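*Asks:* pasting a predicted model and its sequence here:
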Amino acid sequence: MNSWRDTASDEAQQTLDDLFDTALQLAVQHVAKRGGFLPFAVSAADGDPISIEMLGEKADALRMIDLLWGSLRERRDDIAAAAVVADVRLGGDGWPDGIQVEAEHRDGIVLSIVAPYRRRRLRRDVELGEFGLAEGQRRLW
């Protein structure tokens, strides 16, 4: 089975790796501190640092995800890649929750990554399980 990296440019790989790292770090911080997080978006423009977008209003998680994708869609001409990050229930085998990162690059790469996690309450840290990777849904380009 071919990896997405087999066809992606070095620039696209680096941009998506940076987006994923930023998304995962922020999500883990929120889980450790608050036990979870509301959906948020991260995006990268050529040569600029990664930007993070969180909604000021609290709404249904699916509604928030739609709003975040809508905001990214409006800016797609100005960005190289984007992702929406959500806290999802997995409900099995000791890994009840996951950090889902739906990422897209303007070169046509679309990925869905889920990082299972469990929170260790006494130590206020987060343990991550084995990541799952699948082809995502095209939303921007």
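*Replies:* Yes, it's here.

*Asks:* what residues are bridge-paired with the closest residue to residue 23 other than its chain neighbours?
*Replies:* Leaving aside its chain neighbours, residue 23 sits nearest to residue 85 (4.5 Å; criterion: Cβ to Cβ, 6 or more residues apart in numbering). In short, each C-beta sits where N, CA and C put it, glycine included. Beta-bridge partners for residue 85, by DSSP bridges, are residue 40, residue 101.

*Asks:* wait, residue 85 touches residue 27, no?
*Replies:* Yes: if you go by Cβ atoms under 8 Å, residue 85 and residue 27 touch, sitting 5.7 Å apart.

*Asks:* out of those two, which sits in the busier spot?
*Replies:* The neighbour comparison of residue 85 against residue 27 (other Cβ atoms under 10 Å) goes to residue 85, with 28 against 24.

*Asks:* state the distance from the more buried one to residue 7.
*Replies:* From residue 85 across to residue 7, the span is 24 Å (Cβ to Cβ, to the nearest Å).

*Asks:* so what's the residue nearest to residue 23 up against?
*Replies:* By Cβ atoms under 8 Å, 6 or more residues apart in numbering, the contact set of residue 85 is 23, 26, 27, 37, 39, 40, 41, 42, 99, 100, 101, 102.

*Asks:* could you dump those to a markdown table with pLDDT and distance to residue 62?
*Replies:* Formatted as a markdown table, the contacts of residue 85 follow (pLDDT from 0 to 100; distance: Cβ to Cβ, whole Å):
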| residue | pLDDT | distance to residue 62 |
| --- | --- | --- |
| 23 | 97 | 18 |
| 26 | 96 | 20 |
| 27 | 96 | 18 |
| 37 | 93 | 15 |
| 39 | 96 | 9 |
| 40 | 97 | 14 |
| 41 | 97 | 14 |
| 42 | 97 | 19 |
| 99 | 97 | 17 |
| 100 | 97 | 12 |
| 101 | 98 | 16 |
| 102 | 97 | 13 |
